[in-house]
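Trainee: Below are the sequence and a predicted model; questions follow.
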Amino acid sequence: MQRGWFVRRSRTEGLAIDEMNDAWVKCNGCQQILFARDFERNLKVCPRCGHHHRLSARERIELLADPATFVERDAEVVSADPLGFPEYADKLSKGRANSGLPEAMVSGTCTLSGIPIVLAVADFAFMGGSMGSAVGEKVARAMEYALEQRLPIVICSCSGGARMQEGLLSLMQMAKTCAAAAKLHEIGIPYISVLTDPTMAGVLASYASVGDVVIAEPGALIGFAGQRVAQQAQVVKPPPNFQTAEFQLEHGMVDIVVPRKELKHTLQRILRFFTGG
Amino acid sequence: MRTILDFEKPIAELDANIEALKRITAEQGIDKSEQIAALERDRERLLREIFRNLTPWDRTLLARHPQRPYALDYIRVIFDDFIELHGDRQFGDDGAIIGGMAWLNEKPVMVIGQQKGRDLKERQRRNFGMAKPEGYRKALRLMHLAQKFGRPVITFVDTPAADPGVESESRGISEAIARNLREMIMLKVPIVSIVIGEGGSGGALGIAVADRVLMLEYAIYSVIPPEGCAAILWRDPKRAPEAAEALKLTAHDAQRFGVVDEVIEEPLGGAHRDPLAAAQTVKEALLRHLPPLQKLSVGKLRESRYERYRNLGMWHIATE
Ligand SMILES: [Zn+2]
């Protein structure tokens, strides 16, 4: 399910390695070779076909937070291996190496177009952005901080679902994050959920679906069952856009599908509706 | 047709022998009581031995045993009366989730349960206990009804998973489950959930956020079915028994993690060998857990339910 990740050309060919090979990228949507500079400048959205490639948590924070305003919180909350699950310790090390992050979720405070918010962003490069105890804890803490400080919260999801390697404890993070969301809901703290590619299973069936406003990025894979399970179970033939942002919009599960270059502005307008500015 | 699991076979043989001797006694008037008593003693010893050494995979098979009592079997025994209520008032009625008004020792309660089917026809009607969005929405409607009139809620959890099909996706299965999680946390009346068979992932949790979660001894509760886990880990669903081990999906594991408050002992050989006794034990547990919850103020009840879920999970605090 590596859909959406862009492929750099091999680093081993050519002399001016960095310049040469970082100069080109291949679009995962239309397979066209693109100038990396154009691609980056276009926020990793293909200028030809509009395919939205995945952003790292850092990249998305850079996209949304006003420059130098993001202050990370709860960075010390990291995964344990409560089940002693096969290969989990290894996968955690790889996740840290792949993402350069201590955990699959980065949370903190920042301003967005001058509006103070709590912002939490998942990173797919860390074990597919999956939710174990640490991710659930960080989401709950971010929500509780938003409540305490009376700040709106924006959470950008990017996850295959609950993290299998923590078993039942991962499943319980669905209830834990929804418990924190329930308090926001009751007090009336604005919560905007941004669904990016992919937002699946235990994450979609918990905190990601209970935002006051639910936004999705174009073409994002958004659904309950993994494609394989969903396909096996089909009595009805799935439509071509099954489990995409556009499918979820069509079926009333998403408020708006927003192209990446308009995401910050759209969030700003929505936040202004809630905060009265 | 009766299903006999591999590890149940020696017991089934003894069952058959005992039956045969009893028939002879009845039909021919020959007294076989001594032989019967001896075989019954053998059977009990064998049952104890087999059930002391069950693997997590054996327990998975027991939890899914086709003869295992389902929600309606428990409801019929435990409650004085049951009026089933139907529909989510939005789309339809889901046979995989049943619910309605019931009386527990003459006290009114709202009962909700996931229901598998016993025969092929019923299995299809109930979608093998896999609920669709309208099932979760019916459950929530009944919980709100219970809240309106101050009645406690009792849920019976038994599902392989929520329905993963196109229809369910189209009607927002994720949203339906997520909303239940959020609403159940804030419900103003006590909730007691009992995992009676398969606690299948988010599909189970969607009706299992409660003040007290009880679990039958041979039920399972898991984030993913062992087959699915084995397919992802080793690309081999046949290694499900190993996955069952790794997932820590037994009732005692769930209790150790703080997910389950009490493990309810089953009759020797599992609930399906004596459904009536199993239901009586569940009833006793309900009568123990419900009254203290009903004495709590709404504020205290909701706060302790919040804390219960807020504290679940195990993580590290990195120190550098
Ligand atoms: Zn393209």
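Mentor: Received it, and whenever you're ready, just let me know what you need.
Trainee: the domain parsing of the chain - what is it?
Mentor: If you meant another chain, say so; for now it's chain A. If you go by automatic domain parsing, the domain ranges for chain A are A:1-53, A:54-275.
Trainee: actually chain B
Mentor: With automatic domain parsing as the reference, chain B has domains B:6-53, B:60-310.
Trainee: Return the most buried member of those domains.
Mentor: Stretch with highest mean neighbour count among the domains of chain B: domain B:60-310 (a mean of 21; mean count of other C-beta atoms under 10 Å in any protein chain shown). Glycine gets a C-beta too; all of them are placed from N, C-alpha and C.
Trainee: circling back: go through the domains of chain A and find the least confident stretch.
Mentor: Mean pLDDT values for these show the minimum at domain A:1-53, a mean of 70.
Trainee: Please report how far the closest residue to A:Cys46 other than its chain neighbours lies from A:Val214.
Mentor: Leaving aside its chain neighbours, A:Cys46 sits nearest to A:Cys27 (4.3 Å; criterion: C-beta to C-beta, 6 or more residues apart in numbering or on different chains). A:Cys27 sits 27 Å away from A:Val214 when distances are taken as C-beta to C-beta, to the nearest Å.
Trainee: Over to B:Pro225?
Mentor: Counting by C-beta to C-beta, the gap from B:Pro225 to A:Val214 is 29 Å.
Trainee: Over to B:Thr281?
Mentor: When B:Thr281 is compared with A:Val214 (using C-beta to C-beta), they lie 44 Å apart.
Trainee: Next: A:Gly132.
Mentor: For A:Gly132, the distance to A:Val214 - C-beta to C-beta - is 23 Å.
Trainee: ok, these two, which is more surrounded?
Mentor: The neighbour comparison of A:Gly132 against A:Val214 (other C-beta atoms under 10 Å in any protein chain shown) goes to A:Gly132, with 31 against 22.
Trainee: Name the nearest residue to that one, sequence neighbours excluded.
Mentor: In space, A:Gly132 is closest to A:Arg163, 3.8 Å off (C-beta to C-beta, 6+ apart).
Trainee: Got phi/psi on B:Gly100?
Mentor: phi 170, psi -170 (degrees, to the nearest 10).
Trainee: and the stretch 1-150 of chain A, which residues reach the ion?
Mentor: A:27, A:29-30, A:46, A:48-49, A:51 (C-beta under 5 Å from the ion).
Trainee: In a markdown table: the residues you listed, plus neighbour count.
Mentor: Listed next are the residues of the stretch 1-150 of chain A next to the ion as a markdown table, based on neighbours: other C-beta atoms under 10 Å in any protein chain shown:
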| residue | neighbour count |
| --- | --- |
| A:Cys27 | 21 |
| A:Gly29 | 17 |
| A:Cys30 | 12 |
| A:Cys46 | 22 |
| A:Arg48 | 13 |
| A:Cys49 | 13 |
| A:His51 | 21 |
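Trainee: Now tabulate those residues in CSV and tack on secondary structure.
Mentor: Below are the residues of the stretch 1-150 of chain A next to the ion laid out as CSV (DSSP: H, G, I helix; E, B strand; the rest coil):
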residue, secondary structure
A:Cys27, coil
A:Gly29, coil
A:Cys30, coil
A:Cys46, coil
A:Arg48, coil
A:Cys49, coil
A:His51, coil
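Trainee: Return the member of these nearest to B:His289.
Mentor: A:His51 (53.3 Å; C-beta to C-beta).
Trainee: From A:Pro239, how far off is that closest one?
Mentor: 20 Å.
Trainee: One more: A:Met200?
Mentor: From A:Met200 to A:Pro239 the distance is 18 Å (C-beta to C-beta).
Trainee: more neighbours, the two?
Mentor: More crowded of A:Met200 and A:Pro239, by other C-beta under 10 Å: A:Met200, with 29 against 12.
Trainee: so what's that one bridging to?
Mentor: A:Gly223 (DSSP bridges).
Trainee: correct me, but it touches A:Ala162?
Mentor: No. Between A:Met200 and A:Ala162 there is no contact under C-beta atoms under 8 Å: 9.6 Å.
Trainee: Indicate the residue of the stretch 1-150 of chain A located nearest to chain B.
Mentor: For the stretch 1-150 of chain A and chain B, the shortest gap (C-beta to the nearest C-beta) falls at A:Ser133, measuring 3.3 Å.
Trainee: Sketch out the strands for the stretch 51-200 of chain A, chain order is fine.
Mentor: With strands called from DSSP state E, counting those that start in this stretch, the stretch 51-200 of chain A shows them at A:71-73, A:77-79, A:105-112, A:115-122, A:153-159, A:191-200.
Trainee: and what of chain B?
Mentor: Ranges of strands in chain B, per DSSP state E, are B:82-84, B:97-104, B:107-114, B:153-159, B:191-200, B:212-216, B:220-222, B:262-264, B:315-317.
Trainee: A:Pro86: which of the ones you listed is closest?
Mentor: The nearest among the strands of chain B, by C-beta to C-beta, is strand B:220-222 at 15.4 Å.
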